[in-house]
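Novice: Sharing a sequence plus its predicted fold:
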Amino acid sequence: MNIAIVQAPLIWEDVTGNLMAFDARLLKIDKADVIVLPEMFSSGFSMEGKEKIASQYDNVCQRMQVWAENKQALVIGSTVFCVGRHFYNRLLAVFPSGETLTYDKRHRFTMGGENKHFVAGQQQLVFDYKGARFAPFICYDLRFPVWSRNVSGYDIAVYVANWPQARRSVWQTLLKARAIENQCYVVGVNCVGDDGRGVHYAGDSSVISPKGEVISYCNPYADETRQVEVNIEELREFRRAFPVLEDQDTFKIMKNRNKKR
């Protein structure tokens, strides 16, 4: 399976500009099965601008459907979705057929106030595509291993992110940890450059093997795309020979609660 990771700077709160920029980037991708874009790839990680961004949700979905059809690839990225007065940081997984599955970010970055702007998702998303099983997550989810725990037998975990440069070593370390503990490939795609709040991003987008080895890596601070082949049958053979997932603990996921004590 060929996976393309698209690391890019994002134009602040400019959905049209970002969609045009990704049009050009995706034109250069050849024969990928999966294309992964950063978190909030159409706007940058804006919370105050969520209403304006959410108003373009249908346009973002339609453009992703065009990309998926034209490239005959699964396209993954997140944007802002609104229903009523509730806003979500929503990941879309768009298939070449146009079918679209969604995942709403579970863990909101409270230190940055994300919990004041977005509703937490309650359901994981796991799906099959071209003989592989995928589990997508969003940014801060990476810090929470129970939520990412591989109890559904997924082969590839995908983390789309706007992960700041200040914590880049944490990003790199946790991507490897999630791959090792879940015996899966991990795809982590981050953005680069400065956003409208003055936060800087170094990228460090990568694909990690089930043994924690970096098998593809975007250069720091670079606007670039990398493609890499992953072998799902080799992964499953590794699991058969070294079945650590059979010994894992079980956990009950509780609904988020923010009670004052």
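Specialist: Cool, the structure landed. Residues are numbered from 1 along each chain as shown.

Novice: quick one, strands of the chain?
Specialist: For the chain, applying DSSP state E gives strands covering 2-7, 34-36, 74-83, 86-94, 100-104, 127-129, 132-138, 156-160, 185-189, 192-194, 200-202, 206-208, 214-217, 224-229.

Novice: Would you mind finding the most buried of those?
Specialist: strand 185-189 (a mean of 28; mean count of other Cβ atoms under 10 Å). Using the backbone N, CA and C atoms, a C-beta is placed for each residue, glycine as well.

Novice: and the spatially most central residue of the chain, bridged to which residues?
Specialist: In the chain, the centroid-proximal residue (Cα atoms, centre = their mean) is V160; its distance is 2.2 Å. Beta-bridge pairing for V160 (DSSP bridges): I138, V189.

Novice: surely it meets T79?
Specialist: No: contact criterion Cβ atoms under 8 Å: V160 and T79 do not qualify, at 10.3 Å.

Novice: ok, which stretches of this protein are helices?
Specialist: Applying DSSP state H to the chain gives helices spanning 15-27, 50-54, 57-71, 145-148, 168-182, 232-241.

Novice: and the fourth one, what does it pack onto?
Specialist: Translated: helix 145-148. strand 132-138, helix 168-182 (3 or more Cβ pairs under 8 Å, 6 or more residues apart in numbering; DSSP states H and E).

Novice: Please tell me how far it is from the chain's geometric centre.
Specialist: With Cα atoms, centre = their mean, to the nearest Å as the basis, the distance from the averaged C-alpha position of helix 145-148 to the chain average is 15 Å.

Novice: Now do it, average pLDDT.
Specialist: Average pLDDT, helix 145-148: 96.
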